[in-house]
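Enquirer: Pasting the sequence and the predicted model now:
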Amino acid sequence: MVSVSRRAFMAGGAAAVCACGSAHGMGLKLSGAVAKPLLDLLERDQVQLGAGPLKDQFDYQRNLFLNLDDDKLLKPFRSRAGMAAPGEDMGGWYDDSRDFHIDPNDWSTANWHGYIPGHSFGQYMSGLARGYAITGDEAMARKVRGLIEAYAPTVGPKFFEGYYLPAYTYDKLAIGLIDAYRYVGAEEAKGVLDRLTDAVLPFLPEKALTREERRQRPYTSEADIWDEPYTLPENLFLAWRLGMGERYRALALRYMQDEALFDPLAKGISPLKGKHAYSHVNALNSAIEAYYVTGETKYLAAAKNGFDFLLAQSYATGGWGPNEELLAADDTETLYRMLTETHRSFETPCGAYGHFKVARHLLQLTRDSRYGDSMERVLYNTILGAKPTLPDGSTFYYSDYNMAARKVFRDEKWPCCSGTFIQLTADYGASAYVVDARDLYVNLYVTSTVSGVFGGEAVTVTQATAYPLENTSRLTVSVKRPVVFGLQLRIPAWAGKATRVTVNGKAVDAVTAGRFLTLRRTWREGDVVGIAFDMGMRLEPLNAAHPEMVALMTGPLVLMPIGEGAPLSRDDLLAAQREGDSWYVREVVLKPFMAIGDETYRLYTQVTA
């Protein structure tokens, strides 16, 4: 049994542990909230993942970045500061190089080497800092502190001179320093963030320019217009709420993209057509932070409506933005055409990271289980099937939904997805459970142990499951004394009528798909909750205009045919039978994305009559 969090006991007799919506890690709490969520996150060390694919990814990412050479990581910063820069180059996007070149009239000649030097450094620190808050592994804390100490002398305006995406990289450096301050207790990060902000401000626009607005101003390269100042408010609000400086609230408000993005979204009008997918989805997190800080309901409406627009243009996997990372128009044909016109279907680590953050916030703010449904769909059909990042910087970038799809690495080393990948895996536990004053909500069915204080008593719940490859999960309660609290189980909207929940072997009534099931009772040591989901086969069409293009699903899993294969009918697909980790329809093999290796596969099948 994992012991109850040392910080959980600081809550004393409180019914729940957390004081605010995103408060966790080293006792540093977020303040300044005018609006509060209905559900709170736990401290990061209160959720421990057990053996399984989520923990495997987290452990792999932690070890990869823990063992990267510091001189390599720091080289572009030292080089641009005019300092001695020992060590090897990282390669790819990360290097300080003059090789980067693009011709928008002939993309085949592009050279991406040195595109945005050092861009993901802060994300690597962020992931390690979050990992430390989960595990207490001092090696991660030492790594983060050492990187900040060596990075600090390089901070200055010289870094941003001639830099194509200053807001983009400042945002990622900032979250590394914020998380180091928040989770590792690195007080020095506060001063470094101040100096970094001073250094970048002369290179930032006066407001959050759209790409169209930026194109109306002088520029020397197409890359100049790709900067993303509209993503800045999320982390600036976080810095202010952590007490890192009053200036950050004003800066956050300065870069809110109200007119072009949040105002129309709040009115139910989508401005997303043709926008860069990940950055604009991630910007919805800025709307949520603005809602917390200002209490203006338009920001909550913008986030909710924006997420709904996103779901309306998503594939069966939950993936979106297939048109060269562009969000689709509100039409019926773009998603269909992209099944044959591109192999760049979903920017996976970045997209999943942004998606999880927005969905987690909206779950907290609404208690609506559909946000958890969306998270698990993206989890099992995109990121858990990503190839692991290699030590040389080879990074899985796109999930391919082409009719002849393959899993490949991006051509360039250390792209943006190398940074969001480690951050996302460190957030898995934070996404699995949420709480309110009386209840523990089970959002994800993953092997894990969660600890907290309910009804004044220390409670540990251990979840054992092979879901979704199996349809069951088992939660065991451990308490020293009987205690009353609620256990809320997310029953997915796809769950069939035969879904069953038991407490100590006795069936529970009123199990309803698409809602949380409340189990509020006096819990005793060793009480067991069992869940058996009805995960019958079903077909999901691409959209109403293309009912002939279907994905085969069982529970949250998409089953993808391997090979280009023979034509199949609806009845053929629905009759698929499982053998081991694969399903079979006559001679055709189908696998979930996380079980696919180097085979050719497809997401959708054009069914015969």
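Expert: That came in fine, so what should we check first?
Enquirer: how about Arg241, what does it touch?
Expert: Arg241 makes contact with 30-33, 292-293, according to CB atoms under 8 Å, 6 or more residues apart in numbering. C-beta coordinates here come from the backbone N, C-alpha and C atoms, glycine included.
Enquirer: Would you write a ChimeraX line that selects the buried entries of those residues?
Expert: Restricted to buried positions by 16 or more other CB atoms under 10 Å, the ChimeraX selection for the contacts of Arg241 reads:
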select :30,33,292,293
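Enquirer: List the ones among the contacts of Arg241 that fall in helices.
Expert: The helices in this structure, assigned by DSSP state H, contain 292-293 from the contacts of Arg241.
Enquirer: now, which of the contacts of Arg241 sits nearest Gly50?
Expert: Leu30 (28.5 Å; CB to CB).
Enquirer: The closest one is in contact with Gly243, isn't it?
Expert: No: using CB atoms under 8 Å, Leu30 makes no contact with Gly243, being 9.3 Å away.
Enquirer: Can you name the helix or strand that the spatially most central residue of the chain falls in?
Expert: Nearest to the mean C-alpha position of the chain, by CA atoms, centre = their mean, lies Tyr353 at 1.9 Å. According to DSSP states H and E, Tyr353 maps onto helix 348-366.
Enquirer: who does whichever helix or strand comes after that helix touch, helix- and strand-wise?
Expert: Later in the chain than helix 348-366, the nearest helix or strand by DSSP H and E is helix 370-381. If contacts are counted by 3 or more CB pairs under 8 Å, 6 or more residues apart in numbering; DSSP states H and E, helix 370-381 sits against helix 348-366, strand 557-561.
Enquirer: one more time with 10 Å
Expert: helix 53-66, helix 297-312, helix 348-366, helix 428-432, strand 483-491, strand 549-554, strand 557-561 (3 or more CB pairs under 10 Å, 6 or more residues apart in numbering; DSSP states H and E).
Enquirer: Would you tell me which of these gets closest to Arg570?
Expert: strand 549-554 (7.0 Å).
Enquirer: In stretch 561-573, which residues are buried?
Expert: Result for stretch 561-573 [16+ other CB under 10 Å]: buried residues 561-562, 565, 568, 570, 572-573.
Enquirer: Closest one of those to Met553?
Expert: Using CB to CB, those come closest to Met553 at Leu573, 9.8 Å.
Enquirer: unless I'm mixing things up, Ser569 is touching Ala576, no?
Expert: No: contact criterion CB atoms under 10 Å: Ser569 and Ala576 do not qualify, at 11.9 Å.
Enquirer: Common neighbours of those two, please.
Expert: Counting by CB atoms under 10 Å, 6 or more residues apart in numbering, the residues touching both Ser569 and Ala576 are Val585.
Enquirer: Any regions of the stretch 451-600 of the chain where pLDDT drops low?
Expert: 565 (pLDDT under 70).
Enquirer: hmm, 50 instead?
Expert: Residue ranges of the stretch 451-600 of the chain with pLDDT under 50: none are present.
Enquirer: residue ranges of the helices in it, please?
Expert: For the stretch 451-600 of the chain, the helices defined by DSSP state H, counting those that start in this stretch occupy 570-574.
Enquirer: thinking again about what came up before, arrange the helices and strands packed on helix 370-381 in a markdown table, one row each, with distance to Thr109 as further columns.
Expert: A markdown table is the format used below for these (distance: least, CB to CB, whole Å):
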| stretch | distance to Thr109 |
| --- | --- |
| helix 53-66 | 32 |
| helix 297-312 | 33 |
| helix 348-366 | 25 |
| helix 428-432 | 40 |
| strand 483-491 | 49 |
| strand 549-554 | 35 |
| strand 557-561 | 34 |
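Enquirer: Can you say which of these is nearest to Thr472?
Expert: Nearest of the helices and strands packed on helix 370-381 to Thr472, taken as CB to CB: strand 483-491 at 12.6 Å.
Enquirer: Could you list the paired strands of the closest one along with their orientation?
Expert: Strands that pair with strand 483-491, judged by DSSP bridges, come out as strand 439-442 (parallel), strand 515-523 (antiparallel).
Enquirer: Leu265: how many residues sit nearby?
Expert: 28 (other CB atoms under 10 Å).
Enquirer: which element is it on?
Expert: If you go by DSSP H and E, Leu265 is part of helix 263-266.
Enquirer: what is the rounded mean pLDDT of that helix?
Expert: Averaging pLDDT along helix 263-266 gives 98.
Enquirer: Repeat that for stretch 425-438.
Expert: Here the average pLDDT along stretch 425-438 is 97.
Enquirer: Send over that stretch as PDB, restricted to the C-alpha atoms.
Expert: Output of stretch 425-438 as PDB, limited to C-alpha atoms (Å, rounded to 0.1, in the frame of the first residue of the first chain):
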ATOM      1  CA  THR A 425       3.200  11.700 -19.300                       C
ATOM      2  CA  ALA A 426       3.900  13.500 -16.100                       C
ATOM      3  CA  ASP A 427       0.200  14.600 -16.100                       C
ATOM      4  CA  TYR A 428      -1.300  11.100 -16.400                       C
ATOM      5  CA  GLY A 429      -1.900  10.700 -12.700                       C
ATOM      6  CA  ALA A 430      -3.300  14.300 -12.400                       C
ATOM      7  CA  SER A 431      -5.900  13.300 -15.000                       C
ATOM      8  CA  ALA A 432      -7.000  10.100 -13.400                       C
ATOM      9  CA  TYR A 433      -8.800  11.300 -10.300                       C
ATOM     10  CA  VAL A 434     -10.500  14.500  -9.100                       C
ATOM     11  CA  VAL A 435     -12.200  15.400  -5.800                       C
ATOM     12  CA  ASP A 436     -14.800  17.600  -4.200                       C
ATOM     13  CA  ALA A 437     -15.600  18.200  -0.600                       C
ATOM     14  CA  ARG A 438     -17.200  14.800  -0.100                       C
END
